[in-house]
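Peer 1: generate a structure from the sequence data that follows.
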Amino acid sequence: MKAKSNIYHEKQSKQLCALHTLNNLFQKPDTFTKTLLDDLCVQLTPNSWINPHRSMFGLGNYDVNVVMAAIQLMDCEMVWWDKRRRISPHDFNSAVGLILNLPSPSRVGGLLFPFRTKHWLAIRQFDSVYYNLDSKLSSPESIGDTQQLTEHLTRHLNEDDCELFIINSTKPCTLAVAELM
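Peer 2: Residues are numbered from 1 along each chain as shown. Predicted coordinates:
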């Protein structure tokens with residue numbers, strides 16, 4: 001199914017999938033920048049020659065700590081989903097959005113490496129339809145309604161090394177709902 005034309009969608013650059021995921025989740029270009037995420041890395045581990053929260057080559061590849069710190073800057077919290085539990089629509093129906101962290105083949109140009117890295121992607125609801133805002137896609141992909149999203153998430157959570165995070169607003173309920181409209 002074709003995506004709505006007014007959905008903001010950043011495409012993959014370098015190893016900046018966490019950056020693209022955050023901007024896609026909050027639907028604004030430059031909500032976050034590489035500079036801001038690099039600054040968060042330094043705040044998380046000051047006085048470190050090699051920062052454990054990003055690629056040592058400066059290409060991105062930010063870890064969960066950086067994504068969580070960035071989410072908090074937007075008055076939201078990032079809740080890890082215990083995949084031993086079965087997910088249902090009531091678990092995510094009031095969420096700002098969802099983030100998946102999935103295993104991904106490791107490539108540089110056309111060269112495929114024999115190890116896997118992790119890839120971040122956002123899922124958001126627009127009207128009553130959930131969309132995959134993966135920066136590796138050419139455009140957002142419709143997942144469908146809550147039942148189809150539940151099936152989609154269940155398939156991913158059954159994979160090795162896949163993690164789900166539910167993004168909730170920490171603002172008072174009425175203010176958070178008003179801002180989403």
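Peer 1: what segments of the protein are strands?
Peer 2: Secondary structure of the chain (DSSP state E): strands at 76-80, 97-108, 111-126, 129-132, 141-144, 163-169.
Peer 1: send me the fifth one as PDB with only the CA atoms.
Peer 2: The reference is to strand 141-144. Extracted as PDB, the C-alpha positions of strand 141-144 are listed here (Å, rounded to 0.1, in the frame of the first residue of the first chain):
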ATOM      1  CA  GLU A 141       5.500   1.500   3.900                       C
ATOM      2  CA  SER A 142       2.000   0.900   5.200                       C
ATOM      3  CA  ILE A 143       1.900  -1.900   7.800                       C
ATOM      4  CA  GLY A 144      -1.800  -1.600   8.400                       C
END
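Peer 1: average pLDDT for that strand?
Peer 2: For strand 141-144, mean pLDDT is 96.
Peer 1: so which of the strands of the chain comes closest to Asp91?
Peer 2: Of all those, strand 163-169 sits nearest to Asp91, with 7.0 Å by CB to CB. From N, CA and C alone the C-beta is placed, and that goes for glycine too.
Peer 1: elements contacting that closest one?
Peer 2: helix 64-73, strand 76-80, strand 97-108, helix 146-157 (3 or more CB pairs under 8 Å, 6 or more residues apart in numbering; DSSP states H and E).
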